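J.: What follows is a predicted protein model with its sequence.
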Amino acid sequence: MGGLVHSCIGLIVVLGQLCTAPADSRDPKDASKVKVTIIVILASEGKPEVDKRLEKIAPEIQRRNPNLKRFQLKSINCRSLAVDEKASFSLVDDKKARVIVKQSADKNNRVGLAITAPDQGEIVYRTVCGKFLPIVTRYQTKMKERLILAVRVQPCNGE
């Protein structure tokens, strides 16, 4: 999994400043909130075709899922959440991901999250602030596309 998380640095660079605002432009009442970004990716076994914005992450996903050849970025959703606040993110086919911020950024810039993706139980983990964590779900669309979520939290301490 380490290589997969490392390769997501490229995804951050390619996607640039999506759903971000300069730290000094944030509303002071939102200072304690964590911005959660979920990128919805659909992957399938069809003709090889990779959205340019996903060129760094696709090979890493293919290491564990070599049959997946086609990757498309479906949507990007962002929400600012307080600790213990629950949010629902629309994905595809009326499916949703539910997110709860369990802990804001600690001194090591790690944020605690709980995510429930379609056809999966709750995943509770701590993630490095500012990096994407990919989650290959069990859900497939009617067109046999695998749902993949790339999740990022920010802002980070000192930024």
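T.: Cool, got the structure.
J.: need the helix or strand of the protein with the lowest average pLDDT.
T.: Lowest mean confidence among the helices and strands of the chain (mean pLDDT, DSSP states H and E): helix 2-15, at a mean of 43.
J.: Give me the next element, helix or strand, following it.
T.: Following helix 2-15 in sequence order, the next helix or strand is strand 34-44 (DSSP states H and E).
J.: Report the mean confidence score over that next one.
T.: Strand 34-44 shows a mean pLDDT of 95.
J.: Kindly report the same for stretch 68-81.
T.: Taken as a whole, stretch 68-81 carries a mean pLDDT of 95.
J.: Look at the spatially closest residue to L91 that is not a sequence neighbour and say how many residues are nearby.
T.: Of all residues not flanking L91 in the chain, V40 sits nearest, at 5.3 Å (CB to CB, 6 or more residues apart in numbering). Yep, even glycine has a C-beta here, placed from its N, CA and C like the rest. Burial of V40 is recorded as 20 neighbouring residues (other CB atoms under 10 Å).
J.: K86: what's it in contact with?
T.: Residues counted as contacts of K86 (CB atoms under 8 Å, 6 or more residues apart in numbering) are R98, V99, I100.
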